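Peer 1: coordinates only, sequence not included:
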């Protein structure tokens, strides 16, 4: 249990703390170069872990389609999520995107899977929290950031739903690497067409901090969940929203209205409880 707690906390820090560099990078150089740079750097840092796997995976036709589909969704998730950080406050965007787990639960219900009653009860709480957090965003000029964060949460909910089938087909580590390679391969032509593929070098520190943090957090979560209990790993990892909020207040000087604070607290609480029962 102790190692699970440690890994879960490190995961939350690795996902939450780099939210500030991510926001800075997207606002300085744009979304696409930040996506390309962060995925490339993240892969360069974490790919050596493949040396500890049992060789190349056997990829079936179904596995290839799943990896491709998840790669497309991952790129879309990054584009919409980074766009939200570019347009909105980190203190609002991070908790909304953290609702991805609740979205995945909704998708599971629609697919006919059974879901814990507690999850069903906290879904309305999460919705109310998002609405309250978004109130006032128009006055701050961040309404588009809220909308994009909601879209990103929906996309990442779909990605979470696909994670298990992909892992079953090609393994957790290979799935992680292959999906990001697909996302990078799709993002590069877009960056080349827009003439900004290498623009990430202008903000390489911020891009690197997010890319490394994101990749390490994904692997830390896998390690934490593998050690178990999964509920403990999930709850702790979900605290990246809390870490992101605190970091944005300290480093970006972001402030929220009282009703927005109520909404953020509701969202984080719902995410925390939901993760414990998914």
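Peer 2: Sure thing, it's come through. Keep in mind the model is a prediction, meaning the values are calculated, not measured.

Peer 1: can we go C-alpha only for contacts and neighbour counts from here?
Peer 2: Will do.

Peer 1: remind me which residues of the stretch 51-200 of the chain are low pLDDT?
Peer 2: Under the criterion pLDDT under 70, the flagged ranges of the stretch 51-200 of the chain are 115, 119-120, 134-142.

Peer 1: where along it do the helices fall?
Peer 2: Ranges of helices within the stretch 51-200 of the chain are 61-87, 90-97, 100-110, 117-134, 137-140, 143-170, 172-194, based on DSSP state H, counting those that start in this stretch.

Peer 1: Let me know the distance separating residue 177 from residue 90.
Peer 2: 27 Å (CA to CA, to the nearest Å).

Peer 1: Need the helices of the stretch 51-200 of the chain in JSON lines (columns: mean neighbour count and distance to residue 262).
Peer 2: What follows is those, written out as JSON lines (neighbours: other CA atoms under 10 Å; distance: least, CA to CA, whole Å):
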{"stretch": "helix 61-87", "mean neighbour count": "21", "distance to residue 262": "21"}
{"stretch": "helix 90-97", "mean neighbour count": "30", "distance to residue 262": "11"}
{"stretch": "helix 100-110", "mean neighbour count": "20", "distance to residue 262": "19"}
{"stretch": "helix 117-134", "mean neighbour count": "19", "distance to residue 262": "7"}
{"stretch": "helix 137-140", "mean neighbour count": "13", "distance to residue 262": "14"}
{"stretch": "helix 143-170", "mean neighbour count": "21", "distance to residue 262": "16"}
{"stretch": "helix 172-194", "mean neighbour count": "18", "distance to residue 262": "35"}
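
Peer 1: Neighbours of the residue lying closest to residue 90 once chain neighbours are set aside, how many?
Peer 2: Computed as CA to CA, 6 or more residues apart in numbering, the closest residue to residue 90 that is not its neighbour in sequence is residue 248, at 6.0 Å. Each residue near residue 248 was counted by other CA atoms under 10 Å, and the total is 25.

Peer 1: Tell me which residues touch residue 248, please.
Peer 2: By CA atoms under 8 Å, 6 or more residues apart in numbering, the residues touching residue 248 are 19-20, 90-91, 254.

Peer 1: What are the contacting residues of stretch 225-243?
Peer 2: So stretch 225-243 is in contact with 1, 3-5, 7-17, 94-95, 98, 221, 224, 268, 271-273, 275-278, going by CA under 8 Å, 6+ apart.

Peer 1: Which ones among these map onto helices?
Peer 2: In this view, the contacts of stretch 225-243 that belong to helices under DSSP state H are 3-5, 7-16, 94-95, 221, 224, 268, 271-273, 275-277.

Peer 1: if I read this right, residue 266 contacts residue 132, doesn't it?
Peer 2: No. Here residue 266 lies out of contact with residue 132, judged by CA atoms under 8 Å, at a distance of 9.0 Å.

Peer 1: can you tell me how far residue 263 sits from residue 150?
Peer 2: Relative to residue 150, and taking CA to CA, residue 263 is found at 14 Å.

Peer 1: swap that for residue 255, please
Peer 2: 20 Å.

Peer 1: if we can go back for a sec, checking the residue nearest to residue 90 next. Helix, strand or coil?
Peer 2: Three-state call for residue 248 (DSSP: H, G, I helix; E, B strand; the rest coil): helix.

Peer 1: Next one, pLDDT for it please.
Peer 2: pLDDT for residue 248: 91.

Peer 1: and if you look at the one 5 residues further on?
Peer 2: Turning to residue 253, the model gives it a pLDDT of 90.

Peer 1: count of neighbours near it?
Peer 2: Neighbours of residue 253 (other CA under 10 Å): 9.

Peer 1: Over to it: give its phi and psi.
Peer 2: phi 70, psi 30 (degrees, to the nearest 10).

Peer 1: Now do the contacts for it.
Peer 2: So residue 253 contacts nothing (CA under 8 Å, 6+ apart).

Peer 1: For it, give its distance to residue 243.
Peer 2: Distance, residue 253 to residue 243, by CA to CA: 14 Å.

Peer 1: What sits closest to residue 211 if chain neighbours are left out?
Peer 2: Per CA to CA, 6+ apart, closest to residue 211 is residue 38, 3.9 Å.
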